[in-house]
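In: Below are the sequence and a predicted model; questions follow.
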Amino acid sequence: MRCCNLVILGLDFGDKTIGVAISSLNGTVALGLTTLRRTSPEALRPNLKELKKIIQEHKVTLILLGYPKHLHGEDSPRCTETLAFKAKLERYFKSIPIKLWDERLSTQAVTRTFEGNAKKYRQYVDEMAAVYILQGFLDSKSDLEGGVKPQDLKKEKRYER
């Protein structure tokens, strides 16, 4: 086993939806959980309540939020909205650390996976983008030291603001 039962919630924050993924208990696999529909860009309270249920049910210890940078590494216009959402998450879930993770091309990668069946699987794209983001984080931690550890909950300068 790689980890000490750290449960990580991966989020792909979008204009209309929030893709949600969860890590396996041993911190090796990201699993799709759901896609939350946003009623409006301003109204996040219903989504925060849904996330609270998920966090309590799965005993989440870290929230990993996709951070949509441009390919060349600069912040995209969407980053401002993501940082505002992160601030709301921090106020709503005070005891859970929230990390940003570079999500460049996550939605495009998932869309290519569904190529030819895009309409059929459209409802899963955001959830799978969250899986892609979370799996990238888990893979980055699966080195010789054995995967995600409690110290990984601390801020990393290259992605954290």
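Out: Sure thing, it's come through.
In: switch to C-alpha atoms for all contacts and neighbour counts from now on
Out: Noted.
In: Residue 22 contacts residue 12, correct?
Out: No: applying CA atoms under 8 Å as the test, residue 22 and residue 12 come out as separate, 11.8 Å apart.
In: Just the helices from this protein, written as ranges.
Out: Assigned helices in the chain, in chain order: 45-58, 77-92, 106-113, 118-121, 125-141 (criterion: DSSP state H).
In: so which of those helices comes closest to residue 34?
Out: With CA to CA, the closest approach to residue 34 among the helices of the chain belongs to helix 125-141: 5.8 Å.
In: quick check: mean pLDDT across that closest one?
Out: Taken as a whole, helix 125-141 has an average pLDDT of 89.
In: How about stretch 97-115?
Out: For stretch 97-115, mean pLDDT is 75.
In: Save the helices of the chain as TSV, and put in distance to residue 8 too.
Out: As requested, these are exported to TSV (distance: least, CA to CA, whole Å):
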stretch	distance to residue 8
helix 45-58	9
helix 77-92	14
helix 106-113	18
helix 118-121	25
helix 125-141	8
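In: which of the ones you listed sits most buried?
Out: Mean neighbour count (mean count of other CA atoms under 10 Å) peaks for helix 125-141 among those, with a mean of 24.
In: Show me how far that one is from its chain's centre.
Out: Offset of helix 125-141 from its chain centre (CA atoms, centre = their mean, to the nearest Å): 7 Å.
In: what stretches of the chain score poorly on pLDDT?
Out: 1-4, 105-114, 116-122, 143-161 (pLDDT under 70).
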